[in-house]
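>>> Just to be clear, the model below is a prediction. Sequence and coordinates:
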Amino acid sequence: MRIAIVADIHGSLTALDAVIADLRQQQPDVVYHGGDLAFGGCNPAEVIDCIIQEGWKGVLGNTDEMLWDTSARASLEASAPKLKPLFKVLFESCAPATSAMMGESRLAWLRPAAPAAG
């Protein structure tokens, strides 16, 4: 069985299109995504739409989680204090802008399901 894993697309539709073209030539039996799909590029909505259309299952990436969960910010800043200005931009400017470009339905698709009560 041939398995392909596509990860770290970071909102780049151009890169994703190239990967999909290669996958069509390679013809793997199954394709999974490894997360970090939307955050960081100029086409996050289009990337998510494409992955949904392809039907790839996968895992949540840490940069995707930043789109709705800022709880990691404090530990990131504590572990790398010199990067605090970068984290400020990522969490306060980039993540909200990416979320707005994606819209709630795509964010809901990306978010893991809540654990069942029990």
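Right, received. Where do you want to start?

>>> When you work out contacts or count neighbours from here on, use the C-alpha atoms and nothing else.
Noted.

>>> Pick out the residue closest to the middle of this protein.
With distances taken as CA atoms, centre = their mean, the residue of the chain nearest its centroid is Leu37 (2.6 Å).

>>> tell me which helix or strand of the protein sits lowest on mean pLDDT?
Every helix and strand in the chain was compared by mean pLDDT, DSSP states H and E; the lowest is helix 62-65, with a mean of 91.

>>> and the residue nearest to the centre of the chain, helix, strand or coil?
Three-state call for Leu37 (DSSP: H, G, I helix; E, B strand; the rest coil): coil.

>>> wait, isn't it in contact with Leu13?
No - counting by CA atoms under 8 Å, Leu37 does not reach Leu13; the two are 10.0 Å apart.

>>> if we can go back for a sec, neighbouring contacts of the least confident helix or strand of the chain?
35-39, 110-111 (CA atoms under 8 Å, 6 or more residues apart in numbering).

>>> and Val31, what helix or strand is that in?
strand 30-33 (DSSP states H and E).

>>> show me where pLDDT drops low in this protein?
The chain contains residues with pLDDT under 70 at 113-118.

>>> which helix of it spans the most residues?
helix 13-26 (DSSP state H).

>>> quick one: buried residues of that helix?
Along helix 13-26, these residues count as buried under the neighbour rule (16 or more other CA atoms under 10 Å): 13, 16.

>>> What of stretch 88-97?
Within stretch 88-97, the residues scored as buried using 16+ other CA under 10 Å are 90-91, 94-96.

>>> can you check stretch 57-76 too?
Counting neighbours by 16+ other CA under 10 Å, stretch 57-76 gives 58, 61, 63-67, 73 as buried.
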